[in-house]
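# no sequence on this one, just coordinates:
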């Protein structure tokens, strides 16, 4: 990183196993300092075409590569990343303004993600089908195989610029596909860094291509090109639905937004959970798909919870993402600062109380605690993606569940309770992709099935689950008659 | 059926467990005799809305019904259908002009399909997830469940008017969903008949609704309505892609067309396979998704194969679908007769030889054998859905595989060979959803995974596989820390 | 049953599909009335040999029978049993002194067991193995199949004379094996009745053989004969271990005894659970493998629990098993009456209080409630298999768990608690085959995995699980190199 | 190894994480040079007791260790072994007289085995059980977990002294058990070497204990001690059956012997397969469980096959196991030399022709090819475990299959054929644990299910399969009613 932090660094496109000079560049600035940190290629249609062509060609080499070799390459990437963890974390912290401690955590998880991918590469299998279970099916041997689908277009967001790339590239390579990757505009460096590692690990040319630049230009090309067999996108619902509606028969996995909630039942030991709730709400400035945005507290605990929560939030350190003491830093863009200030104001006008924060210092929105916001306020019903948390009073868990479900999203939700009946009812009634009993909704480990219902998305990630959606089931029948 | 064959029978819509008088009707005519066989409701937007509302409301009752009860209902439907097989077969034969013997076979398979659905209803399950496989995941119990997604919009074709309804309604009910079903315009009677059986079997009101009428009006409503969480469609690629592009975040399963092929290697014992090939090509007038449309014969066997095939085809009986001796009857619409005649002419002009058939008698297109048609002719590259088969000469199996794959479709393909290396290579290289070694591509039993690649569709049917696509995976995590 | 209850009925052996006159007979008496109810063959070594020979020969026909036919036969048996439920229940009630209401419940469960077997017959399958996950494994197609192992020797107990036969014969037939069945000496009629149904259902001759008579003679022969590939035994630990040590390389499944316990936490709503606990303790006179024998109640609830339990127990009706009002009837043998009286006396001498019952009327041991028995008393540490229940006071759930685990058995255990942490800890720490949260240990449905740890046995039953142990895994590898 | 090859090295017992001086020692000699290569502890009953106690105590630490830690330890062992491959290979070559090239191959496979174990450690999971599939099971959440069984007694053979230890210790540690390992008398050094690696990798004290010495003393103790919950044994049928009959309710996995066969059909390209057949027959002097012992050649190919086989065998280099050019070296004991010479003589007397070899030079039995041996000769019907191969002429594949099956063993069998029908018939009819189409029976990769039928053993190894047999299935049910 030294050089990168010294001089703006001009990066190249990674196409067909080579670093290719681009025809045009844009400056990438630090969200925190606004300094230029790199010059990034803005790929033209012709350059994207080259990436597509490379991926299309490489799909054949990938499809016939033995799984232990695919695994070896992914394992090597994990190993290299572990070795270069410091550099990787600094890239993330610099381009995304992610506090460096969180950036290290992301790198560690990314290592895990590639290791899981390496391991799952060797476990892709089908089953035998007892065709003689139906009259007319006698005398046959039948089994299924999972074949790679070919070229996968991956479109990744800024908030986990390394690990969410891994959640698409990892399973794609694991299952013998080739990839063309369009990283988020603000976080190309993490993606390009990973490409270096794959290059060093010996991935065949063209099996991974990274094209940076305009989301609409590149995205459109990937979504509409016939050679791309699947789009895996993580980002906003609006863009996600747009992709889905243009993608024709392509497969599409969408990991979209959420306004994740937790419920605090009356019997909860608050001291045990406060720090975890605070971390869930403000980690990486709340710019996490499953960031804790809404907290529903039983009325018996409400006042105590708010007090303790605010107290703990005050302990957070605001500042430079590269400072290891920093908990909260700049939002990803100045636009997001003004948007969230506007949303906070709207909530205040509708009667919410801003108990803490509510304003920005530079590009940093201070951790903001809002009490009793109206469910129709945008801070409540939309995804804030900022260090804003709402705390609301409820009379019963039943009421809280209804409020959690009264959302167009449904990614994950948590509930703290000691009562087994309440816990099981919540597990059943919360309409989300993942229910966390006695935990915040922000919990994720990289091999678990992850994905939402409603507008939170379509499909599941978590390596094994992603691999299923990146492979075609083929039935093979030998007729012995 | 007696009464149905005597007087035109006015049928009603089946909405919310009741037979509802419609505001408008259209006449349904026999494809064979062109007589009016029934008056069928042409549902208005308001009537479709009632069906949607009923399904939306019933989804709750279905979601909480124990699986053994869902299984019981489906088992009862299977039993009732077995008892009324004659009536069921005559309905199919009458409205679809499907030869009665084939109609009986369809009824027998439909019984199987509902039985498999009953059984799979009791086997929907998740797995436990060892979260401690990743650092940070210790001290937790986690498992997945599969929850019904809610309302399923089913749009079914004319060619298996009873069994393809079963392949959507069966798994939908098995997995605790409710259904709104739009059967093909020409074959509403089979669907309405099944509704009677579900009613008798005790399915809760609203869990199955049958709305007949305009495909575009009803289809559009189902595809765009927010209450419908999944569309399961079997039909043409054009309509399928249209649905996909309007469906937003809805799940969509599409079982589209094909120009299925078989390869005959040089060592094949022709006498053993001819009758099966003829049946695969001309069964139900070739109006089967995996009907045998293209035959690639090794040059050493080509002449012998054509001779034997034509000879066997000449044995087929043409006529009234209700006559048990009939093998081939009328196409589903007069338009299809003229379309296929036009396609045959095009092939002839391009140099193909029409060895047999090639013309129509009334609405019956005579079984047509075309030799050496150009791959670009519509009879070759599009789905003929008619009793037309192409026989082509190849020098090697390798060449044949390339020709089979040179198609925008990829549902199933077959190969006859004694050589194990050839067989395994074909299993690997044929780019289709199902490879049949020593069988025609027309093979299907109802529990096997079934579905295509490329423009042949998206998703898999076969009860267990359909159920997966009709349920949401939910992760439940108990934190013990 | 009429004739059976009128005149002693002479039954025959069922060998090779025929009812065979035996060379010697013994009288079977009602445990309740001591009247002779039938004359039962006491098979000689030569007769057992005929059964073995028949089974050995029939294994070939079974191994090649398509799974849908095996399923059909089992489905037919389920249907026939449903039709003849009254007769079946009366046989059970008569020969086992099982109260007729419980006998009907057993018949209903037996129907389920055969239905599950029919369904699982069609789902026996393997998986494909990605051999290229290891260097040296490239270029291969590999899959596993499950083949029937051949002849299964089934030895069944008296307590569920119909359903525990079904748990062995059902999966054996489902998986294409043949069976030689030795039912308990006191309950041959249920087994012979089922043989009739299989005969009527069209099972091939020799696929099921029933030989009644001396346990040691027949058992020894089955256990040591080379043609028998697996012994499936349900009965006492002593006999089970003896079988295991003589069986050589044969597979052996043992479902042995238990002294099942339940824990009652301090927060439990007693009124909601008392009747279920009473049923668990005294159902079929406690002669159930997972009968509730030990109850550990939190000290805060202890007195109330004992009072309510005794009150509810007093409501039980004692009497003739054929009377629908009867809850508790005779023990299976007079010897068991004297044994249990002796055990009760021993406990009393060691300081236990006999709160209720403790003596016999004829062959009926009155429902007996013992408080604070010493853990070393035989009523506590051995399997009582009688209507005796122990209630003990504990200070904590932790203590209770230790007491439950301090047993040479480990089949199932239950805990009633509202606390999720307690429940999850119990699930982890109870060392048994099945943990029931908020239920008695006596819960069983017939498709769940069922079996114990420690001296409670080896292997699991529950159709699918039993089938795994009745089939051999074979790996098939096609080398494409 | 340098020091080891210089001075005899005194090794210690590995108990409870420490290297413990033993009370008595025996000299270990090279099978090739007969030099003393080490002094090995001959554990006394008291020393074995210490190992048992350590393992029994350590089982608790292992049972609660998160799976990612278990995986880390195993991964570390794999890594260390990779780094010390040369040393490891020399140990194997020295103590077992395994040619060094084969020893290197074993080390590479052992690395794979531990890696697979590391990966499978993280994939041990259960499934949810839909209890509501049966009446009476409504309103419940149920899932299964796999718990470690506790202490595993592993008894390993000399022929793969490192990899067969890995196949027991790997899955045992992966699944959270502790182990007491008794390696073969001739190959303790490999086992002790692995213990060093586990120690360095941070395995908790007592989780692995290695006790060397008398097979009968140590084996008996392990088999009869109540703290040992499972015996995993690889070795001879006689010892295996003895273990089984003393083991009571303990679980037992037995990987016993075989006289593996391959069939050569008439259409086979001999030149392509000869070298592989020679390797399968003579690799490590035929001392491999799935060594190729019997070859059945179609009469059309018989003479050619024998000629080519003998020619290729003549190319083998005989000599010092540490010489990289050596293909065949000394048998494991002089007793085996005299035994095999005696068997060869017996065959010769019965009319077999010894086409090549048949005598020994020092402790090396020369590669021996026997033609037309009688099926009753011990070289045919028993496991030779020596460089002896039988070649027999058959008229048909059918006859060959019958001859292969006419054995008390059934581990693996191969067939070379181009005909798909022949191949599928062989896959079905060969009564063995693994059928290899177009390969020798000697094929094994370490993650595939491996194990035999008949006297070849009980249970399956292959990490995932071994883990299943080293864990208890526990059902957990939450009653929501």
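Thanks, I have it. Only a predicted model underlies this, so the values are computations on that prediction, with no experimental measurement involved.

# Give the burial count for residue A:338, as a bare number.
Each residue near residue A:338 was counted by other Cβ atoms under 10 Å in any protein chain shown, and the total is 13. The C-beta positions use only the backbone N, C-alpha and C, and glycine is treated the same way.

# Same check on the one 3 residues further on?
Burial of residue A:341, expressed as a neighbour count using other Cβ under 10 Å, amounts to 16.

# Can you read off the pLDDT for the residue nearest to the spatial centre of chain A?
Residue closest to the average C-alpha location in chain A (Cα atoms, centre = their mean): residue A:164, at 4.7 Å. Predicted confidence (pLDDT) for residue A:164: 98.

# looking at this, it is in a helix?
Yes - counting by DSSP: H, G, I helix; E, B strand; the rest coil, residue A:164 falls inside a helix.

# near chain C, which residues of chain A?
A:66-68, A:71, A:121-130, A:132-135, A:137-138, A:143-145, A:417-421, A:423, A:437-438 (Cβ under 8 Å from any Cβ of the partner chain).

# State the pLDDT value of the residue of the stretch 301-450 of chain A found nearest chain D.
With Cβ to the nearest Cβ as the measure, residue A:424 is the residue of the stretch 301-450 of chain A nearest to chain D, at 5.4 Å. Model confidence at residue A:424, given as pLDDT, is 98.

# Run through the helices of the stretch 101-250 of chain A in chain order.
All helices of the stretch 101-250 of chain A, identified by DSSP state H, counting those that start in this stretch, fall at A:163-174, A:188-201, A:215-224, A:237-246.

# Quickly compare the ones you listed and say which is most buried.
helix A:163-174 (a mean of 29; mean count of other Cβ atoms under 10 Å in any protein chain shown).

# shouldn't the residue of the stretch 301-450 of chain A closest to chain D be in contact with residue D:141?
Yes - under the criterion of Cβ atoms under 8 Å, residue A:424 makes contact with residue D:141 at 6.4 Å.

# So which of the two has more stuff around it?
residue A:424 (23 against 20).

# separation between that one and residue C:413?
In this view, residue A:424 and residue C:413 are 20 Å apart by Cβ to Cβ, to the nearest Å.

# Distance-wise, check the residue nearest to the centre of chain A relative to residue A:259.
19 Å.

# residues from the stretch 151-300 of chain A in reach of chain B?
A:240-241, A:244-249, A:251, A:254.

# switch to 7 Å and redo it
Residues of the stretch 151-300 of chain A lying close to chain B (Cβ under 7 Å from any Cβ of the partner chain) are A:241, A:244-245, A:248-249.

# Tell me which two in those are the farthest apart.
Spatially, the most separated pair among these is A:241 and A:249, at 17.1 Å (Cβ to Cβ).

# Report the contact partners of the residue nearest to residue A:170 when sequence neighbours are not counted.
Once flanking residues are discounted, residue A:170 sits nearest to residue A:117: 3.3 Å by Cβ to Cβ, 6 or more residues apart in numbering or on different chains. Residues counted as contacts of residue A:117 (Cβ atoms under 7 Å, 6 or more residues apart in numbering or on different chains) are A:74, A:170-171, A:173-174, A:463.

# will you turn the residues you listed into JSON lines that also has pLDDT?
Below are the contacts of residue A:117 laid out as JSON lines (pLDDT from 0 to 100):
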{"residue": "A:74", "pLDDT": "98"}
{"residue": "A:170", "pLDDT": "98"}
{"residue": "A:171", "pLDDT": "98"}
{"residue": "A:173", "pLDDT": "98"}
{"residue": "A:174", "pLDDT": "98"}
{"residue": "A:463", "pLDDT": "98"}
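
# What residues does the stretch 301-450 of chain A have near chain D?
residue A:424.

# if we go to 10 Å?
By Cβ under 10 Å from any Cβ of the partner chain, the residues of the stretch 301-450 of chain A that approach chain D are A:420-421, A:423-425, A:427-428, A:445, A:447.

# Does residue A:337 lie in a helix or a strand, and which?
If you go by DSSP states H and E, residue A:337 is part of helix A:334-349.

# quick one: residue A:197 and residue A:79 touch, right?
Yes - applying Cβ atoms under 10 Å, one finds residue A:197 in contact with residue A:79, separated by 9.2 Å.

# which residues do the two both contact?
Jointly contacting residue A:197 and residue A:79 under the rule Cβ atoms under 10 Å, 6 or more residues apart in numbering or on different chains are residue A:114.

# near chain B, anything from stretch A:451-459?
Yes - for stretch A:451-459, a contact with chain B is found by Cβ under 10 Å from any Cβ, at A:451-459.

# and that stretch, what's its mean pLDDT?
For stretch A:451-459, mean pLDDT is 95.

# Figure out the length between the terminal residues of it.
Terminal residues of stretch A:451-459 are spaced 6 Å apart (Cα to Cα, to the nearest Å).

# Stretch A:237-256 now?
Stretch A:237-256 has an end-to-end distance of 5 Å (criterion: Cα to Cα).

# what's the distance between it and the middle of its chain?
Averaging C-alpha positions (Cα atoms, centre = their mean, to the nearest Å) puts stretch A:237-256 16 Å from its chain's average.
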